[in-house]
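**Student:** return a 3D structure for these sequence lines:
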Amino acid sequence: HSVDIQWGNHDILWMGAASGSRTLVATVLANSIHYNNLEVIETGYGISLRPLSIFANEVYKDCDTHRFAVKLTGADADQYTEKDKLLSARMHKAITIIQFKLEAEIIRRRPDFEMDDRMLLHRIDFERKTITMPNGKEYELKDSFLPTVNPADPYKLTDEEREIMNKLHRSFVSSEKLKKHIRCLFRYGCMYTVSNSNLLFHASIPLNADGTLKDVSIAGKMYKGKALLEKVGHLIRTAFFAEEDNEDRPFAVDYVWYLWCGKDSPAFDKDKMATFERYFLKEKELHKEVKGHYYSLRN
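**Tutor:** Next up is the predicted model:
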């Protein structure tokens, strides 16, 4: 009775995956592999990663995957053999490429999200091993071994990738333990609460440079401040609880992904999530994620 949870972008990430977003399923797995959290996936929620591991071991066996190495600390580092580390890195790279492709499907489907600059695979020149970024400059890739990316149609999943995601999607939406935990987040939380005259929320309230509340467009309507947080909370609930045939559900599921990494998301509020840049480009200035005005004005 005394518990209340303010959802942040990592909570929303899991809630979206449990709602059936294939893009967020891939993102959850990429994060979980990266931070050595697979026991939660496999043992905790009973989600088998065997199809992904077999695929990754076959497709990425001939490439250097050290940039996708798992972060291991303390006792964890001693429990992993070199073979384990190699497999995890291959799985991490495999699911990350799938994630980029699935993100592009949403970006194309939702032009109002204004995230075309996050579609980067078509900008790669595989012969020169370079990429021309949205700023117009060409950069050398640290890693250009992307065997599942077809230069003629770079965002199309291969048949194997699509089958893997179908299996993982079914596992996420049918995990009773995961459903139970996500329902707990819904029962005891929302985007904000007020307790003892204190306003509690995670991350940000989108602001203009002068400190006024920023209008954020959602499905053609403008929201700001409290109304924005309440609209976001409603969309997250629609994504999870609405029936499959509910006409509002597809947009809600896609918007939950936007909340994870969109520039006007109160749970994120940065100009980009530089996942691709960190893995594939050495230029540190491209890794920077510029925060919204809230973060500087709060100081």
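**Student:** how about the strands in the stretch 51-200 of the chain?
**Tutor:** For the stretch 51-200 of the chain, the strands defined by DSSP state E, counting those that start in this stretch cover 124-125, 130-132, 138-140, 189-190, 192-195, 198-201.
**Student:** same list, the ones you listed, but as TSV with mean neighbour count please.
**Tutor:** In short, each C-beta sits where N, CA and C put it, glycine included. Shown next, in TSV, are these (neighbours: other C-beta atoms under 10 Å):
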stretch	mean neighbour count
strand 124-125	16
strand 130-132	17
strand 138-140	14
strand 189-190	18
strand 192-195	12
strand 198-201	12
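**Student:** tabulate these (TSV), appending mean pLDDT and distance to Leu24.
**Tutor:** Below are the strands of the stretch 51-200 of the chain laid out as TSV (pLDDT from 0 to 100; distance: least, C-beta to C-beta, whole Å):
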stretch	mean pLDDT	distance to Leu24
strand 124-125	98	24
strand 130-132	98	25
strand 138-140	98	28
strand 189-190	94	18
strand 192-195	94	22
strand 198-201	95	21
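**Student:** as a markdown table, those strands with distance to Thr27 would be great.
**Tutor:** Shown next, in a markdown table, are the strands of the stretch 51-200 of the chain (distance: least, C-beta to C-beta, whole Å):
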| stretch | distance to Thr27 |
| --- | --- |
| strand 124-125 | 21 |
| strand 130-132 | 21 |
| strand 138-140 | 24 |
| strand 189-190 | 20 |
| strand 192-195 | 24 |
| strand 198-201 | 22 |
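**Student:** between those strands, which one is nearest to Phe240?
**Tutor:** Judged by C-beta to C-beta, the one of the strands of the stretch 51-200 of the chain that comes nearest to Phe240 is strand 189-190, at 12.5 Å.
**Student:** and the contacts of that closest one?
**Tutor:** Strand 189-190 is contacted from outside by 4-7, 11, 233, using C-beta atoms under 8 Å, 6 or more residues apart in numbering.
**Student:** cutoff 7 Å now
**Tutor:** Contact partners of strand 189-190, identified using C-beta atoms under 7 Å, 6 or more residues apart in numbering, comprise 4-7, 233.
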